[in-house]
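1. build me a model:
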Amino acid sequence: MKATTTLIFGLCLMAGSLWAAEEEEGHEIYRILQKGYIEVAGKTNFFDFKGEATRQEGELLEEHGLYTGRLTLRFKDLKFDLPMVEDVLNKPGYMDATTYPTIVVDLDHFKPAEQPKKVVGEIEMHGVKRPLEISTHFQYIPPVVKVTGQFTIQQSEFDVKPYRAGLMKVKDDLEVKFKVFFCETYTENKDNKISAQTAAKLLAEDNITVLMEQGFFGCAEIKNKQLRTP
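-> Below is the predicted model of the structure:
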């Protein structure tokens, strides 16, 4: 019994040490704000087309000074300038958006404060994953990480045969552009302050209201919709 008690006590000490180390290292979660857009554009041999989604899903996780992120686009949220495109997306022989409803982009280990011009990661579409390089422009305005970027994908690399009907055919390349905002939800540094100038800039340029309340360091949209406190 004594040995068991000693073992449990030792495990508790170890767990406590690991927890303390994690707290000391610290990490932050940035959740997405519905203020930006994702655009998908393509071409046929007769005309161009594009669709835009103003709803996104995603978050950033900061650990040890490095950030990883995920951005999810649902085909059903894309509103195209040509109605027929939405119908084509659902065709089983083409994008088959009913079976594969999302495009998922994972961003790998970057530092927003360094404003990287390119970020590497991985994209999953139509059940296939490929490495990805994204041209990016960052604005790191704590508590907000604002990212604009673009990349091009070839449908055939994801086992999607470019659609064609009669003489009309869709070209293989699709261009994806986006502007997204990630907002920090909590901070361990409760002395962190947001300047009036920064708050005014975010409100005027991007309609983002910054909020600090009892240690909460983030945006009103997240506070009101996702993280209500008792």
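2. low pLDDT regions in the chain?
-> 1-26, 186-193, 214-215, 226-230 (pLDDT under 70).
3. show me the helices in it, by range?
-> For the chain, the helices defined by DSSP state H cover 2-25, 83-89, 196-206, 220-225.
4. what does the last one contact?
-> What it means is helix 220-225. For helix 220-225, contacts defined as C-beta atoms under 8 Å, 6 or more residues apart in numbering pick out 31, 33-35, 183, 185, 208-211, 213, 216. (Each C-beta comes from the backbone N, C-alpha and C, glycine too.)
5. which one of those is nearest Q56?
-> Q34 (7.0 Å; C-beta to C-beta).
6. need phi/psi at the closest residue to that closest one other than its chain neighbours.
-> Setting aside the residues directly before and after it, Q34 is nearest to R55 in space (C-beta to C-beta, 6 or more residues apart in numbering), at 5.9 Å. Phi and psi for R55, reported as degrees, to the nearest 10, are phi -120, psi 130.
7. measure R55 to D77 for me?
-> According to C-beta to C-beta, to the nearest Å, R55 and D77 sit 5 Å apart.
8. of these two, who's got more company?
-> Ranked by neighbour count (other C-beta atoms under 10 Å), R55 and D77 place D77 first, with 17 against 14.
9. looking at the contacts of helix 220-225, spot the one nearest P162.
-> Using C-beta to C-beta, Q34 is the member of these that lies nearest P162, at 31.5 Å.
10. list the buried ones in the longest strand seen in the chain?
-> Using DSSP state E, we find that the single longest strand of the chain is strand 27-43. Across strand 27-43, burial judged by 16 or more other C-beta atoms under 10 Å covers 28, 30-33, 35-36, 38-43.
11. show the end-to-end separation of stretch 93-108, please.
-> 32 Å (C-alpha to C-alpha, to the nearest Å).
12. can you name the residues in contact with that stretch?
-> 60, 67-76, 88-90, 92, 119-127, 132, 134, 155, 160-161, 163, 176.
13. that older thread, how about the buried residues of strand 27-43 in a markdown table, adding distance to Q115?
-> Shown next, in a markdown table, are those (distance: C-beta to C-beta, whole Å):
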| residue | distance to Q115 |
| --- | --- |
| E28 | 18 |
| Y30 | 16 |
| R31 | 21 |
| I32 | 19 |
| L33 | 19 |
| K35 | 20 |
| G36 | 17 |
| I38 | 21 |
| E39 | 22 |
| V40 | 25 |
| A41 | 25 |
| G42 | 30 |
| K43 | 31 |
